[in-house]
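K.L.:
got a predicted structure here, sequence first:
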Amino acid sequence: MSEISTNAYVLVSAILFTIGVIGVMTRRNAIIMFMSVELMLNSANLALIAFSRAKASTDGQIITFFVIAVAAAEVAVGLALLVSIFRAKRTTNVDDVSTLKG
């Protein structure tokens, strides 16, 4: 069985990161924007794991573990904010939400 090169992993990571950036820049729905940011974080994790594997080190895997933990906390806080904004404004469109007041 052939081994996949580090370049292939980095290419997939760059493609995923680009899709995430396009999602953040073009979409106005806050949920889609959160998903795009998560896609960018996961693409960075993929690159860290690929480089860690290439150097036969566990440093990248350890950093990835902490990035995943921080991303989980970010999702919890972000969704809590999104729910409170949705209750006040009845929309998840970021263009329609200027303040939380009335």
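P.N.:
Looks like it came in fine. Since we're looking at a predicted model, the values are computed, not measured.
K.L.:
from here on, just use CA atoms for contacts and neighbour counts.
P.N.:
Fine.
K.L.:
find the centremost residue of the chain, please.
P.N.:
residue 38 (1.6 Å; Cα atoms, centre = their mean).
K.L.:
in what helix or strand does that one lie?
P.N.:
According to DSSP states H and E, residue 38 maps onto helix 30-54.
K.L.:
show me what counts as buried in that helix.
P.N.:
Within helix 30-54, the residues scored as buried using 16 or more other Cα atoms under 10 Å are 30-34, 36-52.
K.L.:
the residue nearest to the centre of the chain: what's it in contact with?
P.N.:
Taking Cα atoms under 8 Å, 6 or more residues apart in numbering, we find residue 38 in contact with 20, 71.
K.L.:
distance of it from residue 66?
P.N.:
Per Cα to Cα, to the nearest Å, residue 38 is found 14 Å from residue 66.
K.L.:
check residue 11 too.
P.N.:
Per Cα to Cα, residue 11 is found 23 Å from residue 66.
K.L.:
again with residue 91
P.N.:
Look at residue 91 and residue 66: by Cα to Cα, they are 32 Å apart.
K.L.:
same question for residue 46.
P.N.:
According to Cα to Cα, residue 46 stands 13 Å off from residue 66.
K.L.:
show me where pLDDT drops low in the chain?
P.N.:
Within the chain, the ranges that satisfy pLDDT under 70 run 1-2, 97-102.
K.L.:
quick one, helices of it?
P.N.:
Along the chain, the stretches classed as helices by DSSP state H are 6-26, 30-54, 59-89.
K.L.:
reformat these as CSV; add distance to residue 96.
P.N.:
Output for the helices of the chain, formatted as CSV (distance: least, Cα to Cα, whole Å):
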stretch, distance to residue 96
helix 6-26, 15
helix 30-54, 11
helix 59-89, 8
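K.L.:
of those helices, which is nearest residue 95?
P.N.:
helix 30-54 (9.6 Å; Cα to Cα).
K.L.:
the closest one: how far from the chain's middle?
P.N.:
Helix 30-54 sits 5 Å away from the centroid of its parent chain (Cα atoms, centre = their mean, to the nearest Å).
K.L.:
coming back round to it: compare residue 91 and residue 66 (neighbour count), which wins?
P.N.:
More crowded of residue 91 and residue 66, by other Cα atoms under 10 Å: residue 91, with 16 against 11.
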